[in-house]
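K.L.:
No letters, just coordinates:
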């Protein structure tokens, strides 16, 4: 189940991007109302020291502006 940040309406699976740590049972969720992200692609940082060091790239369909915008999310 996805959970939203405090004060944000709970997103459905197609309105959010989630990073799930199955070993710790934790999840981090990114969500912006009115923005529907495409399937994300993880790009590892050159010389990365940890497995999740890099950025997540996606395209977001913006229902408010009736357009698209690139998404560039850092892991933190």
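P.N.:
Structure received. For clarity, every value in this text was computed on a predicted model and none was experimentally measured.

K.L.:
residues touching residue 45, list them.
P.N.:
By C-beta atoms under 8 Å, 6 or more residues apart in numbering, the residues touching residue 45 are 53, 54, 55. Every C-beta, even on glycine, is put in place using the N, C-alpha and C of the backbone.

K.L.:
and the residue positioned nearest the centre of the chain, bridged to which residues?
P.N.:
With distances taken as C-alpha atoms, centre = their mean, the residue of the chain nearest its centroid is residue 17 (3.1 Å). Using DSSP bridges, the beta-bridge partners of residue 17 come out as residue 30.

K.L.:
Show the backbone phi and psi for the residue lying farthest from the centre of the chain.
P.N.:
Largest separation from the mean C-alpha position in the chain: residue 47, at 22.7 Å (C-alpha atoms, centre = their mean). Main-chain dihedrals, residue 47, degrees, to the nearest 10: phi 70, psi 30.

K.L.:
Quick check, pLDDT for it.
P.N.:
Per-residue confidence (pLDDT) for residue 47: 91.
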